[in-house]
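Participant: What follows is a protein structure lacking sequence information:
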């Protein structure tokens, strides 16, 4: 593969799985379009899409002799993919190497210390810093003073001032289509709805960079206008025949009447233009419950499914997470989805480091109360219990405000931030033992047999809440025998599961066959 020589910037998405499907990174595609609209030439190089290793992508990029190569590192896997190739200075005279994306900006000092092949890391939103850097390089200015960059200076990693946050998102051009491929007919085309977040959830690091960089601001949420959003959707429908769209948003419905009006306006534009499309998005229960009245219009406009972050059934945990909703909002949102027959997936943290052993039982009771709200779903409730609810736990990252609290309370287990996310131990050791035993139980033969017998295509009422029954069995075993080992508790619960399967009409022979 070759790129035209002398272009200004090559934007590289590194390959992380030779057999994996390419993922759309909307922020990179918007960056490419923004660079071009500013008068610079840009090439997009997706190693995952083209099957190019990181070394091959680097070679192709350098051969084009650009002024700048940008590496997109939104997660640890992308960083680890490029770490070897960029550990040492790259033999490419005059070409600057920069990286950006959530993971890169989160660990800028550590990454720059470990990777001599990188000259800088971009913070926050990409368009302003990258276009400023390109202008500086074109003028021959001192490139390392460009706003929004982390750079090495005097043997130290320093952060330049952030520059200005783009307030008018309608000023952004439509995302570049260089990387468009047929897979988006199935996965959906992402469309930017809004950016930024005014919330301060303790389990989320997305808002932290904004708060660090723009200390005088309280609000970071900004939305595009409904007409511009609908214009973009219409282009994809007419030019490519796309029917499925994913609304890309930090906080879809916003925080007030303005956010509500934006979503209502998008729906009106879709209906006015008679666009036959499908829509999906992510939201939290409070926002969805507050905008329940929009669900019929969203349904008519093509809402096919959504992802609802219900987070926990414990008010104590919701307050710990500092989310802007409570248990009543969760029930209200689920009731609305069930009433209008809208399919959904859920985000949930069954375990958190402060969870007590008795709260395990409370969380199980909450999950049992949710079954009626899943009655319209094509899969049995046991599917959601097994895949999305019971085995879930809070996942930490270094930018979470909650991490500092865990460290202060002596619960944080330090890790190398470039190798692994931080981990925590449970404040209540009994919860930790339950967690370990439940994980072991879910890997056992009897649980494997249950999954085969209760596959989504076979809806049997006897199995709808069986994962909950088993989890409660385990809790009762450990409550009655607090000194029992993790292995013994898991084995005892597994024996009860076998008995429950046999009592439901499955013979021991059938169970053994499924377990093989």
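Facilitator: Thanks, I have it. Values in this document were obtained by computation on a predicted structure and should not be read as measured data.

Participant: make it CA atoms for all contacts and neighbour counts henceforth
Facilitator: Fine.

Participant: hey, which helix is longest across the chain?
Facilitator: When the chain is parsed with DSSP state H, its longest helix is helix 486-503.

Participant: Show me what counts as buried in that one.
Facilitator: Buried residues in helix 486-503, defined by neighbour count with 16 or more other Cα atoms under 10 Å: 486, 489-494, 496-498, 500-501.

Participant: any chance of those residues in JSON lines, with distance to residue 70 too?
Facilitator: Formatted as JSON lines, the buried residues of helix 486-503 follow (distance: Cα to Cα, whole Å):
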{"residue": "486", "distance to residue 70": "48"}
{"residue": "489", "distance to residue 70": "51"}
{"residue": "490", "distance to residue 70": "49"}
{"residue": "491", "distance to residue 70": "52"}
{"residue": "492", "distance to residue 70": "54"}
{"residue": "493", "distance to residue 70": "52"}
{"residue": "494", "distance to residue 70": "51"}
{"residue": "496", "distance to residue 70": "55"}
{"residue": "497", "distance to residue 70": "53"}
{"residue": "498", "distance to residue 70": "55"}
{"residue": "500", "distance to residue 70": "56"}
{"residue": "501", "distance to residue 70": "55"}
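
Participant: Which two of those have the greatest separation?
Facilitator: Maximum pairwise distance among the buried residues of helix 486-503 (Cα to Cα): 22.5 Å, between 486 and 501.

Participant: so where does the residue nearest to residue 375 when sequence neighbours are not counted fall, helix or strand?
Facilitator: Nearest residue to residue 375, sequence neighbours excluded (Cα to Cα, 6 or more residues apart in numbering): residue 338, at 7.3 Å. Assigned by DSSP states H and E, residue 338 belongs to helix 327-340.

Participant: Buried residues in that helix, which are they?
Facilitator: Within helix 327-340, the residues that count as buried by 16+ other Cα under 10 Å are 327, 329-338.

Participant: Then stretch 159-177?
Facilitator: 159-160, 162, 169, 172-176.

Participant: Am I right that residue 150 falls within a strand?
Facilitator: Yes. Under DSSP: H, G, I helix; E, B strand; the rest coil, residue 150 sits within a strand.

Participant: what's near enough to touch the nearest residue in space to it that is not next to it in sequence?
Facilitator: Nearest in space to residue 150, with sequence neighbours left out and distances taken as Cα to Cα, 6+ apart, is residue 159 at 4.4 Å. For residue 159, the contacting residues are 148-151, by Cα atoms under 8 Å, 6 or more residues apart in numbering.

Participant: which residues of the stretch 1-150 of the chain fall in helices?
Facilitator: Remark: helices assigned in the stretch 1-150 of the chain by DSSP state H, counting those that start in this stretch are 26-37, 47-50, 54-63, 76-83, 102-106, 108-114, 127-139.

Participant: Relative to residue 473, which of the ones you listed is closest?
Facilitator: Checking these against residue 473 by Cα to Cα gives helix 76-83 as the closest, at 37.5 Å.

Participant: returning to what we had before: pipe the buried residues of helix 486-503 into JSON lines and attach pLDDT per row.
Facilitator: JSON lines is the format used below for those (pLDDT from 0 to 100):
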{"residue": "486", "pLDDT": "97"}
{"residue": "489", "pLDDT": "97"}
{"residue": "490", "pLDDT": "97"}
{"residue": "491", "pLDDT": "96"}
{"residue": "492", "pLDDT": "97"}
{"residue": "493", "pLDDT": "97"}
{"residue": "494", "pLDDT": "95"}
{"residue": "496", "pLDDT": "94"}
{"residue": "497", "pLDDT": "92"}
{"residue": "498", "pLDDT": "91"}
{"residue": "500", "pLDDT": "87"}
{"residue": "501", "pLDDT": "85"}
